[in-house]
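>>> got a predicted structure here, sequence first:
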Amino acid sequence: MGHTDTEGRRPGPEEPPASSGARSAYESILRRQSMRESAARTYARALPIVPVRARGLTIEGADGRRYLDCLSGAGTLALGHNHPVVLEAIRKVLDSGAPLHVLDLATPVKDAFTTELFRTLPPAFADRARVQFCGPAGTDAVEAALKLVRIATGRDGILAFTGAYHGMTAGALEASGGATDVRVTRLPYPQDYRCPFGVGGEPGAELAARWTESLLDDTKSGVPLPAGMILEPVQGEGGVNPAPDTWMRRMRTITATRSIPLIADEVQTGVGRTGRFWAVEHSGVVPDVMVLSKAIGGSLPLAVVVYRDDLDVWEPGAHAGTFRGNQLAMAAGAATLSHVRENGLAERAAVLGTRMLSQLRSLAAAFPCVGDVRGRGLMIGVELVDPDPDAAPEPGPPGTPGPHPASPTLAAAVQRECLRRGLIVELGGRHAGVVRLLPPLTISDEQTDAVLDRFADAVTTVARNAARAARPLASTPQELP
C-alpha cells in the first residue's frame with residue numbers, strides 16, 4: 001500500500017472530482033454516448049470513464065480522477081500513451097508537408113517503416129519475406145492471410161484452435177473460437193489449468209498434437225488437407241493461455257511436413273509484449289505467415305501481413321484497402337519498433353512479467369477464488385473461480401480434482417474494485433472469468449508496485465465479500481406455539 005502515480009499521487013476511490021462542473025460535463029458525455037452509440041460498444045460499459053489527458057501509464061478523466069492503464073488499448077500502446085518518440089515522429093511528418101494519404105505508393109516514411117520492421121523479424125523469416133499493407137485493423141490482416149494461403153495452395157479449409165480470437169470480420173470470425181463455419185476445423189489448444197484432456201502439462205500438449213496429426217492423416221476424419229493453420233502463440237482474448245514451446249515446434253513440424261502454411265497471429269503478442277520481440281521466438285518457430293497490427297502502428301491504425309516469398313502468387317489488387325498507406329501510423333510505428341529494439345524493452349518485459357506473475361501467484365495461495373495466474377512477459381491473466389467447495393470441479397489429472405468453474409461475477413467485481421482504486425484492467429477468457437493485465441512496456445518499477453498493490457487490494461476485497469456472502473445465516477430459535 002501507499003504507492004504513488006508518476007506525479008506523486010495515489011488516486012483512490014475517495015479522490016474528489018476537479019469540480020462539480022467537471023463532474024457534470026463528464027456525466028453528460030457518458031449519457032450522450034449511451035444514447036447515440038450502438039449496443040455493440042464494449043469497453044465503455046465496464047469502464048465508465050472519459051479520458052481527456054494521458055501520458056505513459058496514466059490517464060486523467062474528465063472528472064479529474066487519474067488511472068493507471070493496464071489495458072493499453074488492448075495491447076496497442078507498447079510505449080504507453082503519448083510517448084515522446086511517437087509524438088516527435090508524427091510531428092515530423094506533419095511539419096514536412098508530406099502527403100498523408102498515398103494508397104500503396106512508395107514513400108520515404110513507408111520505406112523507413114518496412115526497413116525497421118524487417119530488422120526486428122526473425123532473420124530466417126525476414127530473409128525471404130514479403131509484406132502486404134492491409135486495412136487499418138488486425139482483422140483485415142487476418143482476412144488477407146487467409147486469402148493468401150487459399151490462393152497459394154489452391155485449397156480452402158483452415159485449421160484453427162479452440163479459444164482463438166482473430167478479429168470481428170467474417171473470415172476472421174470463422175477462425176475464432178465461437179464460430180461454427182464448416183470451412184474451419186477446430187483443434188484443441190493446450191492448457192495447463194483447463195486442459196481439454198484433463199491432464200495438463202506436457203502430456204496434455206502431446207495429446208493435443210497427436211489429435212492434430214490424427215485428423216490430418218486419417219482418411220476418414222472428414223478433414224481434407226487445409227489451406228493453412230492459424231494460431232496465437234499466446235491466446236489473449238481466450239484467457240491468456242501461452243502455448244508450450246514444444247507444442248509450437250510440433251505444430252511447425254506437422255504443418256511443414258504436410259505443406260500446410262503456418263500463420264502466426266501476433267496482433268497482440270508482438271513488439272516485445274511477451275518478453276521476446278515476437279512471441280514465436282520463444283519456441284524458435286519460423287512461421288510462413290505473420291499477422292501484425294496493434295503496437296506496430298505506435299498507437300495509430302496499421303495492419304500488415306508478412307509472408308514467405310514463394311506464397312506471393314496473388315494477382316495485383318487481390319487484396320487492397322483505401323487506408324493501407326497510413327503515413328502517420330507508419331512513422332509512429334517505425335519509432336516504436338526502433339525504441340523497443342534499441343532499449344531492450346522486450347527483455348525488460350520478460351523480467352517485469354516474471355516478477356508480477358510471482359507476486360500475483362501469492363494471491364492464488366491466499367484466496368480460493370483465485371484459480372490460476374498465468375501469462376508471458378507483460379501479458380498476464382488472473383482467473384477467478386467459484387470458491388464454493390461444493391461446486392463441481394472440471395476433470396483433472398487422474399486422482400486429483402480439476403479446477404473449479406470460472407466465475408465471471410467475481411472477475412467483474414475485481415474489475416470494478418480495481419477501477420475504484422484507479423486501475424484499469426480488462427476481462428477475457430471463455431466465460432469472461434479472467435482479469436487481464438497488459439501494461440505498457442515502459443512501466444517503471446514504482447508503477448509496477450502500484451499496479452500490484454491496487455490489484456491485490458481489489459482481489460482481497462472481493463474475496464472477503466464473497467466469503468462473507470457464502471457464510472450461512474445464523475439460525476435463530478423459533479418460539480413454540
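Looks like it came in fine. Residues are numbered from 1 along each chain as shown.
>>> which stretches of the stretch 351-481 of the chain have low pLDDT?
Across the stretch 351-481 of the chain, the ranges flagged by pLDDT under 70 are 392, 399, 471-481.
>>> if we use 80, what do you get?
The stretch 351-481 of the chain contains residues with pLDDT under 80 at 389-401, 470-481.
>>> and Tyr26, how many neighbours?
Close neighbours of Tyr26, defined as other CB atoms under 10 Å, add up to 21. (C-beta placed from N, C-alpha, C; glycine too.)
>>> does it count as helix, strand or coil?
The assignment at Tyr26 comes out as helix when based on DSSP: H, G, I helix; E, B strand; the rest coil.
>>> pLDDT wise, what is it at?
What the model reports as pLDDT for Tyr26 is 81.
>>> I'd say it and Glu60 touch.
No. With contacts defined as CB atoms under 8 Å, Tyr26 does not count as touching Glu60, sitting 11.3 Å away.
>>> tally of neighbours for Arg421?
The number of residues packed near Arg421 is 20, by other CB under 10 Å.
>>> that one contacts Arg454, doesn't it?
Yes. With contact defined as CB under 8 Å, Arg421 reaches Arg454; the gap is 4.3 Å.
>>> what segments of the protein are helices?
Counting by DSSP state H, the chain has helices at residues 20-36, 43-46, 72-75, 84-96, 108-120, 123-126, 138-153, 170-174, 201-217, 245-257, 327-342, 345-366, 408-420, 445-470.
>>> just the buried positions in the first one, please.
Neighbour counts over helix 20-36 (16 or more other CB atoms under 10 Å) mark Ala22, Tyr26, Leu30 as buried.
>>> contacting residues for the first one?
Contacts were defined as CB atoms under 8 Å, 6 or more residues apart in numbering; by that measure Ala22 touches Ala62, Asp63, Gly64.
>>> contacts only, for the first one.
Same thing as Ala62. Listed by CB under 8 Å, 6+ apart, the contact set of Ala62 reads Ala22, Ala25, Tyr26, Ile29, Val50, Pro51, Val52.
>>> try it again with 10 Å
Residues in contact with Ala62 (CB atoms under 10 Å, 6 or more residues apart in numbering) are 17-18, 22-30, 49-53.
>>> pLDDT wise, what is it at?
91.
>>> would you quantify the distance from it to Cys418?
Distance check for Ala62 against Cys418: by CB to CB, to the nearest Å, it reads 20 Å.
>>> confidence score at Ala320?
85.
>>> tell me who's in contact with it.
Here Ala320 is in contact with Leu103, Asp104, Gln132, Phe133, Cys134, Gly135, Ala144 (CB under 10 Å, 6+ apart).
>>> now Val286
Going by CB under 10 Å, 6+ apart, Val286 touches 121-126, 128, 252, 256, 262, 264, 280, 308.
>>> any regions of the stretch 1-150 of the chain where pLDDT drops low?
Using pLDDT under 80, the stretch 1-150 of the chain drops low at 1-24.
>>> ok, now with 90
1-35, 37-48, 63, 135-139 (pLDDT under 90).
>>> tell me the one of the contacts of Ala62 nearest Val240?
Ile49 (23.3 Å; CB to CB).
>>> contacts only, for that closest one.
With contacts defined as CB under 10 Å, 6+ apart, the neighbours of Ile49 are 26, 30, 43, 59-63, 65, 67, 69, 419, 424.
>>> neighbours around the residue nearest to Gly135 when sequence neighbours are not counted, how many?
Once flanking residues are discounted, Gly135 sits nearest to Gly321: 3.9 Å by CB to CB, 6 or more residues apart in numbering. Look at Gly321: counted by other CB under 10 Å, it has 19 neighbours.
>>> what's the separation between Gly321 and Asp388?
Taking CB to CB, one finds Gly321 at 50 Å from Asp388.
>>> residue contacts, the residue nearest to Tyr165 when sequence neighbours are not counted?
Closest residue in space to Tyr165, ignoring its immediate chain neighbours: Glu237 at 3.7 Å, by CB to CB, 6+ apart. By CB under 10 Å, 6+ apart, the residues touching Glu237 are 74, 163-166, 176-177, 268, 426-429, 432, 434, 436.
>>> low-scoring stretches of the stretch 151-300 of the chain, by residue?
Checking the stretch 151-300 of the chain against pLDDT under 90 turns up 162-186, 198, 200, 221-223.
>>> could you pull out the strands for it?
Listed in chain order, the strands of the stretch 151-300 of the chain (DSSP state E, counting those that start in this stretch) span 158-161, 184-187, 228-231, 234-235, 241-242, 262-265, 289-292.
>>> tell me the centre residue of the chain?
Gly236 (3.8 Å; CA atoms, centre = their mean).
>>> my read: that one touches Leu437, true?
No. Checked against CB atoms under 10 Å, the pair Gly236 and Leu437 is beyond contact range at 11.6 Å.
>>> what's the overlap in contacts for those two?
Contacts common to Gly236 and Leu437, judged by CB under 10 Å, 6+ apart, are Met379, Gly381, Glu426.
>>> top of the residues you listed by number of neighbours, please.
Gly381 (29 neighbours).
>>> show me what contacts that residue?
193, 234-236, 238-242, 357, 360, 372-375, 426-429, 433-438.
>>> ok, back up a step: among the contacts of Ala62, which one sits closest to Gly297?
Using CB to CB, Pro51 comes nearest to Gly297 of the contacts of Ala62, at 18.7 Å.
>>> how many neighbours does that closest one have?
14.
>>> list the contacts of it.
Neighbouring residues of Pro51 by CB under 10 Å, 6+ apart: Ile59, Glu60, Gly61, Ala62, Tyr67, Asp69, His81, Ile424.
>>> do the same with Ala467
Phe367, Pro368, Cys369, Pro387.
>>> same question for Arg45.
Counted by CB under 10 Å, 6+ apart, Arg45 has contacts Ser34, Ala39.
>>> that one and Gln415, how far apart?
Arg45 is 11 Å from Gln415, by CB to CB.
>>> out of the helices of the chain, which comes closest to Gly402?
Checking these against Gly402 by CB to CB gives helix 201-217 as the closest, at 12.0 Å.
>>> gap between the closest one and the chain center?
25 Å (CA atoms, centre = their mean, to the nearest Å).
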